[in-house]
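In: sharing a sequence plus its predicted fold:
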Amino acid sequence: MGRKQDAKKMSAREVLTQQWFLAKLCFSASPKGMALHLFESIKLQVSIFFESIWVMNYVLGVAERGESWGKIVWCMVLFMLAVALSTVTFSYYMQSGLPKLKPVLYRAFRMHIYTRMKDLDLQCYDQTDFYQKFILAAEESDVCIDRFLDTTELYCAKGTNFLLSFGYCIFVNPLILIVPFLFLPLELRLAAKENSCSVASRMERLPFEQKREYQNRVFYLADYAKDLRLNPKMKEKCRNDFQDSQTEIRRVHKKYGKRLVFYAAFRDALIGGCAKEISAWMLLLYQLLVQGTLSFAHMLVSFRAVDYVGNSMTMLLNGYKKMLENSAYIRRIRSLADMEPSIVSEKNLPMPQNPGEFDVSHVSFSYQGAGRVLHDISIRIRPKQKIALVGYNGSGKTTLVKLLLRLYDPQEGSIRYNGTDIRDYEVTAYRHSIGCVFQDFKIYAATLKENVLMDVSKNTKEESYEVEKALYDAHFTLKDQRLLYQIETPLTAEFEKDGVNLSGGEMQKAAIARTLYRRQKAVIMDEPSSALDPLAEYQLNQEMNETAKEKTVIFISHRLSATRDADCIYMMEHGRVIEKGSHEELMELSGKYAAMWEVQAGLYRQPGSNEVPELHLK
């Protein structure tokens, strides 16, 4: 639906609205740079007009009247000096001014998009159309700025050329202006058709280009590389998927290509070129030979002037076509930037200072376009209590955590904290009050310290000490010889030659350190030790219990050994809580939890023994 809307013809008012938005953004980002851009565009066309029309008319007039050649020499000398000065300033602009201006405008447009998008909800990422808009913004934002600079230069330049040439024709030979305006309606019609076809082609290609780009990423990202190297058939499948995307893109090109060639050729070659030139020469020769109203010099200069008028009109039409195309992209990018978060708070209440109680009451939830994930969940978590959510994959544990963090809002029921609905708290303050480690955490191409901070560093000793303490509490070993610069060591080898690729367990410890660094009242650990061996997991759990003894802790884990010491365990299945109680209570119940415990405990029993060995720390 979105692509069809983008392909529709935009009204002139909407085109101007989108261009005015970009003009305000560019002039606010660099007023001097934009002023120089417009000045150089106008100045160049003024010099071209004087060279091609005024000087030519003066020189031919002097020669035709048989006046002194000294006038011609002086005219040419003065004009060449003016051109030389103009060339110097224009060269400065092209070599220095424009290369400096573009990055400033690129950044301004990207920051406009970023500042509007950074508060969007996680549920936006569940929408296919959001991804397509996001990719379009990433790919086209800089191109939109380039098109805008090109069109503003073109309109200033050709608009100046048109006005000067049109004024000359009005005073010298107004009848010749019939020619360019005679063909204007047809050119406008063809330009609109070409633009509509061009935008429709781009929008239809977009999802296939998105798939092609994904296949490109698969081949060069380390997360996928090891699997591809070990599975040749997967490489072949990726290659076939890439080829399929290419085939679809070629199909779209073929679908629209012939029409685009026809519109462009008919408008530029037949209408803009041959038809107008032949008509202009026929009218001028009639005025010269039959009517005798023109001199030979005026005939040549009139043809040059009307050619400039016609060429300027054609170029302005081309510029409008580019404006139409650019406006369609700007509108779609702005529709992304103008999205408003649905997770908002009307009351914006401050968070209480002391740890509070979570009360999840009859909560049900489903993702967009999917079936119900949670069914009538009711859980109560007291302050400083240690809670465990257990269950097999797909039972709804992580979804419940996302609701607790208010990354989503439930469709039914409510979640209260300290007696107040969490929707009444200020959103950012509420989320910052809870520390969380997701099972799909990411390590970024930054220093170890920045990966723990997840913020701009203050570069203070106190900050560095707190980061090191958080890493120590997470059992991250800073004595590793690979960490040449300790917490300042860059992670991943993608950009830094001294970058370090951490193991899965080390990455998980670094992610856990992010939560320990902050002093939140509650901590959620979603599979916090899945990449650790049993001994390391036991050590981490004991340390976490000590470190977070004054916090509310919610554990999610498939390994029940990590949750047996919890104050209360909730067993989930198919989006429902089917059992709850302490480890001992659930074992006595002999239900799903006990069966799950027996399966896992059997992996650790000695042959012929029913006892599970205890872990001993030295």
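Out: Received it, and whenever you're ready, just let me know what you need.
In: tell me the mean pLDDT over stretch 209-223?
Out: Stretch 209-223 shows a mean pLDDT of 76.
In: repeat that for stretch 417-435.
Out: Rounded mean pLDDT across stretch 417-435 is 89.
In: and it, which residues are buried?
Out: Within stretch 417-435, the residues that count as buried by 16 or more other C-beta atoms under 10 Å are 417-418, 422-423, 425, 427, 430-431, 433-435. In short, each C-beta sits where N, CA and C put it, glycine included.
In: longest helix in the protein, by number of residues?
Out: When the chain is parsed with DSSP state H, its longest helix is helix 128-172.
In: what pLDDT, on average, does it get?
Out: The pLDDT scores in helix 128-172 average 83.
In: show me what it is packed up against.
Out: Applying 3 or more C-beta pairs under 8 Å, 6 or more residues apart in numbering; DSSP states H and E, we find helix 128-172 packed against helix 2-7, helix 12-29, helix 31-49, helix 98-117, helix 184-220, helix 296-337.
In: and the fifth one, how far out from the chain's middle?
Out: Helix 184-220 has its average C-alpha position 18 Å from the chain's average C-alpha position, going by C-alpha atoms, centre = their mean, to the nearest Å.
In: give the buried residues for it.
Out: If you call a residue buried by 16+ other C-beta under 10 Å, then helix 184-220 has these buried ones: 187, 190-212, 215, 218.
In: that one packs against which elements?
Out: With 3+ C-beta pairs under 8 Å, 6+ apart as the test, helix 184-220 has helix 2-7, helix 128-172, helix 222-230, helix 232-265, helix 296-337 packed against it.
In: on that earlier part again, now, of the helices and strands packed on helix 128-172, which is deepest in the fold?
Out: For those, the largest average neighbour count (mean count of other C-beta atoms under 10 Å) is found in helix 296-337, namely a mean of 21.
In: check which helices and strands that one is in contact with.
Out: helix 2-7, helix 12-29, helix 55-65, helix 98-117, helix 128-172, helix 178-182, helix 184-220, helix 276-285.
In: and the average pLDDT for the strand or helix carrying residue 360 is what?
Out: Per DSSP states H and E: residue 360 is located in strand 358-366. Confidence for strand 358-366, expressed as mean pLDDT, is 92.
In: shift numbering so it begins at 487
Out: With the count now opening at 487, the last piece we talked about shows up as strand 844-852.
In: which other residues reach that strand?
Out: 858-867, 885-886, 889-890, 894, 896-903, 905, 1008, 1038 (C-beta atoms under 8 Å, 6 or more residues apart in numbering).
In: narrow these to those that are buried.
Out: Here, 16+ other C-beta under 10 Å leaves 859-861, 863, 865, 867, 885-886, 889-890, 894, 896, 899, 901-903, 1008, 1038 buried among the contacts of strand 844-852.
In: show me the residues you listed that map onto strands.
Out: Counting by DSSP state E, the buried ones among the contacts of strand 844-852 place 859-861, 863, 865, 867, 899, 901-903, 1008, 1038 in strands.
In: now tabulate those in TSV and tack on distance to residue 564.
Out: Below are these laid out as TSV (distance: C-beta to C-beta, whole Å):
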residue	distance to residue 564
859	80
860	83
861	88
863	86
865	88
867	87
899	84
901	81
902	84
903	81
1008	80
1038	84
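In: any idea how many residues pack against the nearest residue to residue 894 once chain neighbours are set aside?
Out: Closest residue to residue 894 apart from its sequence neighbours, by C-beta to C-beta, 6 or more residues apart in numbering: residue 888 at 5.3 Å. Residue 888: 19 surrounding residues under other C-beta atoms under 10 Å.
In: report the central residue of this structure.
Out: Nearest to the geometric centre of the chain sits residue 624, at 4.0 Å (C-alpha atoms, centre = their mean).
In: can you report phi and psi for the nearest residue to residue 913 once chain neighbours are set aside?
Out: Leaving aside its chain neighbours, residue 913 sits nearest to residue 831 (5.3 Å; criterion: C-beta to C-beta, 6+ apart). Backbone torsions for residue 831, taken as degrees, to the nearest 10, come to phi -130, psi 120.
In: repeat that for residue 874.
Out: The phi/psi pair for residue 874 (degrees, to the nearest 10) is phi -120, psi 130.
In: you'd agree the residue nearest to residue 913 is up against residue 914?
Out: No - look at residue 831 against residue 914 with C-beta atoms under 8 Å: they stay out of range, at 9.4 Å.
In: mind listing residues that contact stretch 835-843?
Out: 866-870, 902-906, 910-912, 915-916, 919, 1007-1008, 1036-1038.
In: no wait, stretch 627-644
Out: 505, 508-509, 512, 523-524, 527-528, 530-531, 584, 587-588, 591-592, 595-596, 599, 797-798, 801-802, 804-805, 808-809, 811-812, 815-816, 819.
In: one more pass at 7 Å, please.
Out: 508, 512, 523-524, 527-528, 530-531, 588, 591-592, 595-596, 599, 798, 801-802, 805, 808-809, 812, 815-816, 819 (C-beta atoms under 7 Å, 6 or more residues apart in numbering).
In: same thing with stretch 786-794?
Out: Stretch 786-794 is contacted from outside by 538-539, 542-543, 546, 647, 651, 654-655, 658-659, 662-663, 665-666, 766-767, 770, 780, using C-beta under 7 Å, 6+ apart.
In: need the nearest residue in space to residue 618, chain neighbours excluded.
Out: Sequence neighbours aside, residue 692 is the residue nearest to residue 618 in space, at 5.8 Å (criterion: C-beta to C-beta, 6+ apart).
In: flag the shaky bits of the stretch 987-1104 of the chain, pLDDT-wise.
Out: Along the stretch 987-1104 of the chain, segments meeting pLDDT under 70 span 1014-1034, 1045, 1047-1048, 1087-1104.
In: where do the helices of it begin and end?
Out: Using DSSP state H, counting those that start in this stretch, the helices of the stretch 987-1104 of the chain run over residues 990-1003, 1020-1033, 1069-1075, 1078-1087.
In: in the first one, what's buried?
Out: Which is helix 990-1003. Buried residues in helix 990-1003 (16+ other C-beta under 10 Å): 991-1003.
In: export that helix as CSV, just CAs?
Out: Presented in CSV, the C-alpha positions along helix 990-1003 are these (Å, rounded to 0.1, in the frame of the first residue of the first chain):
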residue,chain,number,x,y,z
GLY,A,990,30.7,-16.3,24.0
GLY,A,991,31.2,-16.6,27.8
GLU,A,992,33.3,-13.4,28.0
MET,A,993,30.7,-11.5,26.0
GLN,A,994,28.0,-12.7,28.3
LYS,A,995,30.0,-11.5,31.4
ALA,A,996,30.5,-8.1,29.7
ALA,A,997,26.8,-7.8,29.1
ILE,A,998,26.1,-8.8,32.8
ALA,A,999,28.6,-6.1,33.9
ARG,A,1000,26.4,-3.5,32.1
THR,A,1001,23.6,-4.3,34.6
LEU,A,1002,25.9,-4.5,37.6
TYR,A,1003,27.4,-1.1,36.8
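In: show me what that helix is packed against.
Out: strand 920-923, helix 934-939, helix 947-959 (3 or more C-beta pairs under 7 Å, 6 or more residues apart in numbering; DSSP states H and E).
In: swap in 10 Å and give it another go.
Out: On a contact count with 3 or more C-beta pairs under 10 Å, 6 or more residues apart in numbering; DSSP states H and E, helix 990-1003 meets strand 920-923, helix 934-939, helix 947-959, strand 1008-1012, helix 1020-1033.
In: the shortest one pairs with which strands, and in what direction?
Out: Paired with strand 920-923 in the same sheet, following DSSP bridges, are strand 1008-1012 (parallel).
In: so which bits of the strand holding residue 846 are buried?
Out: 844-847, 849, 851-852.
In: perfect, that will be all.
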